[in-house]
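J.: Provide a 3D model corresponding to the input given below.
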Amino acid sequence: MTKATLRTHFLEQRKALSAHEVAERSAAIANRFFMERFTSGTLHTFLPIARQNEVDTWLMIRQLWRNFPAVRVAVSITDVLTNQLTHYPLTPDTTLTENRWGIPEPMPDTDPVPATDFDIVLVPLLAFDRQGHRVGYGKGYYDRFLANCRPDCRKIGLSLFGPVNRIKDVELTDIQLDACLTPERTYFF
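T.: Predicted coordinates for the structure are as follows:
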């Protein structure tokens, strides 16, 4: 299947999920995240867009704050003029505001965190395949960001659904995942 077909299909699949189903699947993904011990260094995560039924990363963030205080958590601000993400620390005291797409973003009151600081990046996606390629919303923000991370940075997708066999139109600029967490299992690539 092509990215456009997968994007349409999985947006519909996610919209069809009830709030209870999203919460259950998100909790299973959060449990898997801690079972796999992705809990060290500097971690970048996305903040969920509630109206898009995205994986609730707050379950992981709050537990990291409580039980793994040495883990530094960061999130991004989207610059639509440059099509780039700028990253800032996320703490319990961080003030958030929604951007025009409904993405919660921090109010920057510290210096940005360089992409080269990240040990782990939790990557949003709509679909992924068995080779570790992903389909996002189609703007390329995460591929540009991940291209600037260190080679040893682990790129971990979070998906409410299992993989498709193969995404047909993978491009050279598409950055492959190292793993993807689903409610049922962890896929390593």
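J.: show me how far the lengthiest helix in the chain is from its chain's centre.
T.: When the chain is parsed with DSSP state H, its longest helix is helix 19-35. Offset of helix 19-35 from its chain centre (C-alpha atoms, centre = their mean, to the nearest Å): 14 Å.
J.: state the mean pLDDT of the longest strand along the chain.
T.: For the chain, the longest strand by residue count, based on DSSP state E, is strand 72-79. For strand 72-79, the mean pLDDT works out to 95.
J.: OK, contacts around the residue lying closest to residue 50 once chain neighbours are set aside?
T.: Nearest non-adjacent residue to residue 50, counting by C-beta to C-beta, 6 or more residues apart in numbering: residue 102, 7.1 Å away. For glycine as for every other residue, the C-beta is placed from the backbone atoms N, C-alpha and C. Residues in contact with residue 102 (C-beta atoms under 8 Å, 6 or more residues apart in numbering) are 49-52.
J.: can you pull the pLDDT of residue 82?
T.: 86.
J.: thought residue 78 was touching residue 87?
T.: No - look at residue 78 against residue 87 with C-beta atoms under 8 Å: they stay out of range, at 10.9 Å.
J.: mind checking which of those two has more residues around it?
T.: Set residue 78 next to residue 87 and count neighbours by other C-beta atoms under 10 Å: residue 87 wins out with 21 against 17.
J.: the more buried one: which element?
T.: Residue 87 belongs to strand 84-89 when assigned by DSSP states H and E.
J.: same thing with residue 15?
T.: Secondary structure (DSSP H and E) places residue 15 in helix 3-16.
J.: coming back round to it: now the buried members of the contacts of residue 102.
T.: By neighbour count, with 16 or more other C-beta atoms under 10 Å, the contacts of residue 102 hold 49, 52 as buried.
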